[in-house]
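S.K.: Generate coordinates for the sequence data below:
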Amino acid sequence: MATVAEKLAKVNKDAESRSVLDSIDRPIRPLVLELTRIGLTTRFSCCGFTYDDEEEPKSHHEHSYVMFNGPRLGDASEVRAFFEVARRARNVGWTVDMVSSGSVPEEQEWEIRIDEPTSTLWAKEDGKSLHGYECQIVAITRMTEELKSMATAKKVVEIVDGNILRRRDFPGWPIKPKQPHKMVFEKA
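M.R.: Below you'll find the predicted structure:
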């Protein structure tokens, strides 16, 4: 079993040349991409479970979530996207809440996450079931599909690693940020 130092070394290896996509769990990556496409600035995410061939060693939160910046009040499209995501989330068993993650007030973070009762629906009471991932994959897929019909916010959007802000605001933050990922869309 790898030590914390060995895991950190693997996570930080080649951070200056690796894409932030390498740090986004593959099962939740489509949802992160959709949230970014519609104009929300994503920061952190977790699919909630271990999966084959993970790009980085992680400890999973047990619940699927994506953290994102709150909408800037002067940006009508961000505000609309935020409230539309919150509305649609309820339809498929997700919740949108403010996060108390240590972020600085002017960069308030929110999260979209699977509702607690839904995420444990198929898990056994003993906590040893291999099936805990099933409901999360279904929920991630449903939420991703909900967002696909929403308008694209801009022709070019970028995913920036949330570790940039954490390293800026919290001395000693150990995770090096990966490189931003740009996405270009046909229409805005």
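S.K.: Run through the residues that contact the residue nearest to Ile28 when sequence neighbours are not counted.
M.R.: Once flanking residues are discounted, Ile28 sits nearest to Cys47: 4.2 Å by Cβ to Cβ, 6 or more residues apart in numbering. Where you see a C-beta, it was placed from the backbone N, CA and C, and this is true even at glycine. Counting by Cβ atoms under 8 Å, 6 or more residues apart in numbering, Cys47 makes contact with 25-28, 60, 64, 136, 140.
S.K.: Now the element after the least confident helix or strand in the chain by mean pLDDT, going C-ward?
M.R.: The weakest-scoring helix or strand in the chain, judged by mean pLDDT, DSSP states H and E, is helix 116-119 (a mean of 52). Where DSSP states H and E defines the elements, the next helix or strand beyond helix 116-119 is helix 132-148.
S.K.: For that following helix, buried residues please.
M.R.: Buried residues in helix 132-148, defined by neighbour count with 16 or more other Cβ atoms under 10 Å: 132-133, 135-140, 142-144, 146-147.
S.K.: cool, and stretch 58-77?
M.R.: Within stretch 58-77, the residues that count as buried by 16+ other Cβ under 10 Å are 60, 63-71.
S.K.: check contacts around Ile112.
M.R.: Going by Cβ under 8 Å, 6+ apart, Ile112 touches 35, 65-66, 68, 85, 89, 94-96, 143.
S.K.: Apply 7 Å and report the result again.
M.R.: 65-66, 85, 89, 94, 96 (Cβ atoms under 7 Å, 6 or more residues apart in numbering).
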